[in-house]
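K.L.:
Here is a sequence together with a model predicted from it:
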Amino acid sequence: MDEDAKVYVISVAAQLAGMHPQTLRQYDRLGLVRPARTRGRGRRYSMRDIHVLREVQRLSHEDGVNLAGIKRILELEEEVRAMRRQVEFLRTLVDPRRRVFRADPTGNVVADRLSPLADAPRPRPRWVPRQLTSGPTRRE
């Protein structure tokens, strides 16, 4: 079964989480857990919600974290998960063999040897010095 499927009514979710249903209502009001709602406004919890409820209980009882702290911890954990998903998505888009630029050890941006542009012929400058002692002249 899908861990995100919102199928458990509040009494079953409370039993699975080892809490009183009123505690789940309070956590919903505080935004610690966001169950889905039925048309009749009944709460439906997923297995993921139940895992979060167990984590809230563990942080509260074992680590002594207050509910405001727990809410912030859960928000930060979600941000980290979102960033990891974004990094993984970006990794699927970027092929390191096609990298065009990189930073050298001094921090300067340089064309990468693996880049198709690194080996491409470069256009000649519009001016070339006639001699080292004389200034640049324009080519016609």
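P.N.:
The structure has been received and is ready for your questions. Residues are numbered from 1 along each chain as shown.

K.L.:
So what are the structural domains in this protein, by residue number?
P.N.:
The record's domain parsing of the chain by automatic domain parsing lists 10-93, 95-140.

K.L.:
To E3, which of the ones you listed lies closest?
P.N.:
domain 10-93 (4.7 Å; C-beta to C-beta). To be clear about C-beta, it is placed using only N, CA and C from the backbone, and glycine gets the same treatment.

K.L.:
Span of that closest one from start to end?
P.N.:
This stretch, domain 10-93, spans 42 Å end to end (C-alpha to C-alpha, to the nearest Å).

K.L.:
which intervals of this protein have sub-threshold pLDDT?
P.N.:
The chain contains residues with pLDDT under 70 at 94-100, 112-140.

K.L.:
Break down it into its strands, ranges please.
P.N.:
Taking DSSP state E as the criterion, the chain carries its strands at 36-37, 43-44, 101-103, 109-111, 127-129, 136-138.

K.L.:
picking that back up, let's have the domains of the chain in JSON lines, adding distance to M1.
P.N.:
Shown next, in JSON lines, are the domains of the chain (distance: least, C-beta to C-beta, whole Å):
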{"stretch": "domain 10-93", "distance to M1": "7"}
{"stretch": "domain 95-140", "distance to M1": "37"}
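
K.L.:
looking at the ones you listed, which is buried most?
P.N.:
Burial of the domains of the chain is given as mean neighbour count (mean count of other C-beta atoms under 10 Å); domain 10-93 ranks first at a mean of 14.

K.L.:
How far off centre is that one?
P.N.:
Offset of domain 10-93 from its chain centre (C-alpha atoms, centre = their mean, to the nearest Å): 18 Å.

K.L.:
Could you point out which of the domains of the chain sits nearest D2?
P.N.:
If you check each of the domains of the chain against D2 by C-beta to C-beta, domain 10-93 wins as the nearest, at 7.9 Å.

K.L.:
Let me see the ranges of the helices in this structure.
P.N.:
Using DSSP state H, the helices assigned to the chain run over residues 10-17, 21-30, 47-61, 67-93.

K.L.:
Thanks a lot, see you next time.
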